[in-house]
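In: this one's sequence-less:
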């Protein structure tokens, strides 16, 4: 019976493939992010990224058109606001350039080297996560530009940042190849960021919730929390554990507060300042080697 | 297998479109799942064994582009390819809507299976409500995209067969 024989060989084939999948799941689960399978991950990223770069160069305007349609009502108001802001910024730039010149002279005089200050590399977003269950982006800069696993990634925030604060937090690098990297966004459910409320100084742990607002945990019920309060990164050190992000990067704004009577914690939701659906340019913080 | 190269190109193209084009064009917040669609269509056209092999290869390729957990997509798509390939032999309706229905339902069921397996190993961090919503809308999205991709995959699937028939 050739057809029965074929059915049997097909079942054998499926059983083999399923077994291989199960072995891969087990090996990957036990070895974690540093396992031997991660090398294949980097390889596939290295193969895909040049093509993603090419495609995104063509499709970014198309995608912008579609996301522009969704945001159409606000575009006109944005236009008016932006042109008035542009005027203000231009006068600021003139002042800043003068100040910068003076600062450079002064720094030179004092012999201060900016060696310890974090350095940044600009990068273009060339792709997003392949699945619906992960919130990552691929950027066009990798280890050849100094990008390392764990490096913080920021974008310019959509809202005004108070003095002493920098752009909106995007996430951190989770995988690098020489010419591309994967960045885990702070809205990914696996992402945890230590945050501090701007007005009260209360700290908490911010966990991503996918396409919903992030959740800030471990905020004491007695802590004063206000709507629209700004949340920024905070530096901490607990034993060997050190904060991944430099302090003072804006994460988001408090969008929702729920007080459960019996709970010792407040339920605080934080809306990111960065619009992750139309993220195009980011800055990767590259820590310069400390020169003695 | 002489069709390995066209199939590899189809898998690669699906991954490229999935990561570089469709994240910006979502349906109710859900991206399509192009690899699921490719596997289902090829399984429909070529039967269970080719469906399983393409499911495994495409699933592995997709798994290695993700952070975690590797192997789950491969497992899901191997079984999906095999099941759809088997189901095809029992469905006789010549309705042109059949591919759309099969792709939509297959994607929905496949994503739920993926979610359940992820949850079993403690890796479903998004919650069940999100899983159902994404499975539902990705299924619809995939179904709507089927008329665009079905003819292309049909040419890959049949092109070589007709050539071998005429001995070229």
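Out: Now that the structure is in, tell me what you want to look at. Every value quoted in this text rests on a predicted model; they were computed, and no experiment measured them.
In: Can you give me the domain boundaries for chain A?
Out: Domain assignment for chain A by automatic domain parsing gives A:2-35, A:118-292.
In: Out of these, flag the one nearest residue B:81.
Out: Closest to residue B:81 of the domains of chain A is domain A:2-35 (Cβ to Cβ; 8.7 Å). No exception for glycine: its C-beta is placed from N, CA and C like everyone else's.
In: tell me the most buried of the domains of chain A?
Out: Among these, ranked by average contacts under mean count of other Cβ atoms under 10 Å in any protein chain shown, first place goes to domain A:118-292 (a mean of 18).
In: hmm, back to that, any chance of the domains of chain A in TSV, with mean pLDDT too?
Out: TSV is the format used below for those (pLDDT from 0 to 100):
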stretch	mean pLDDT
domain A:2-35	85
domain A:118-292	83
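In: need these in JSON lines with distance to chain B, can you?
Out: Formatted as JSON lines, the domains of chain A follow (distance: least, Cβ to the nearest Cβ, whole Å):
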{"stretch": "domain A:2-35", "distance to chain B": "3"}
{"stretch": "domain A:118-292", "distance to chain B": "4"}
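In: give the contact list for residue A:151.
Out: Counting by Cβ atoms under 8 Å, 6 or more residues apart in numbering or on different chains, residue A:151 touches A:172-173, A:284-287.
In: is residue A:282 in a bridge, and if so with what?
Out: Judged by DSSP bridges, the bridge partners of residue A:282 are residue A:123.
In: So it is in contact with residue A:170, correct?
Out: Yes: here residue A:282 reaches residue A:170: they are 5.4 Å apart, a contact under Cβ atoms under 8 Å.
In: shared neighbours, those two?
Out: Counting by Cβ under 8 Å, 6+ apart, the residues touching both residue A:282 and residue A:170 are A:137, A:153-155, A:183.
In: hang on, the earlier thing: can you list the domains of chain A in CSV and add distance to residue A:105?
Out: Formatted as CSV, those follow (distance: least, Cβ to Cβ, whole Å):
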stretch, distance to residue A:105
domain A:2-35, 47
domain A:118-292, 21
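In: Of all those domains, which one is nearest residue B:142?
Out: Closest of the domains of chain A to residue B:142 is domain A:118-292, at 11.4 Å (criterion: Cβ to Cβ).
In: need the helices for the chain, in chain order.
Out: Just so you know, I chose chain A. A:2-31, A:37-70, A:72-110 (DSSP state H).
In: think we crossed wires, I meant chain B
Out: Under the criterion DSSP H, chain B contains helices at B:4-20, B:34-46, B:48-64, B:72-90, B:98-120, B:128-165.
In: start to end distance for stretch B:66-79?
Out: With Cα to Cα, to the nearest Å as the measure, stretch B:66-79 spans 20 Å from end to end.
In: Look up phi and psi at residue B:28.
Out: phi 50, psi 40 (degrees, to the nearest 10).
In: ok, and the closest non-adjacent residue to it?
Out: Spatial nearest neighbour of residue B:28, excluding adjacent residues (Cβ to Cβ, 6 or more residues apart in numbering or on different chains): residue B:137 at 4.6 Å.
In: pretty sure that neighbour is in contact with residue B:30, am I right?
Out: Yes: with contact defined as Cβ under 8 Å, residue B:137 counts as touching residue B:30 (3.7 Å).
In: what's near enough to touch residue A:219?
Out: A:197, A:202, A:204, A:225, A:265-266, A:268.
In: repeat for residue A:49
Out: Per Cβ under 8 Å, 6+ apart, neighbours of residue A:49: A:126-127, A:138, A:140, A:177, A:179-180.
In: swap in residue A:204?
Out: Applying Cβ under 8 Å, 6+ apart, we find residue A:204 in contact with A:194-197, A:216-219, A:268.
In: Run through the bridge partners of it.
Out: Beta bridges link residue A:204 to residue A:195 when assigned by DSSP bridges.
In: Please work out the average pLDDT along stretch B:97-110.
Out: Across stretch B:97-110, the average pLDDT comes to 94.
In: what comes up buried for it?
Out: B:99-100, B:102-110 (16 or more other Cβ atoms under 10 Å in any protein chain shown).
In: Nearest to residue B:127 among these?
Out: Nearest to residue B:127 among the buried residues of stretch B:97-110: residue B:108, at 17.5 Å, using Cβ to Cβ.
In: Can you give me the distance of that closest one to residue B:143?
Out: 9 Å (Cβ to Cβ, to the nearest Å).
In: do residue A:24 as well
Out: 30 Å.
In: quick one, what contacts the residue most central in space within chain B?
Out: Taking Cα atoms, centre = their mean as the criterion, residue B:36 is the residue nearest the geometric centre of chain B, at 1.8 Å. Residues counted as contacts of residue B:36 (Cβ under 8 Å, 6+ apart) are B:77, B:80, B:103, B:106-107, B:110-111, B:138, B:142.
In: Keep only those of the contacts of residue A:219 that are in strands.
Out: Using DSSP state E, A:197, A:204, A:265-266, A:268 are the members of those that sit in strands.
In: Can you work out which other helices and strands pack against the worst-scoring helix or strand of chain B on mean pLDDT?
Out: Least confident helix or strand, chain B: helix B:128-165 with a mean of 85, by mean pLDDT, DSSP states H and E. Applying 3 or more Cβ pairs under 8 Å, 6 or more residues apart in numbering or on different chains; DSSP states H and E, we find helix B:128-165 packed against helix B:4-20, helix B:34-46, helix B:98-120.
In: Name the residues that touch the last one?
Out: If I follow you right, that is helix B:98-120. A:132-133, B:33, B:36-37, B:40-41, B:44, B:69, B:72-73, B:75-77, B:79-80, B:83-84, B:87, B:91, B:124, B:128, B:131-132, B:134-136, B:138-140, B:142-144, B:146-147, B:150.
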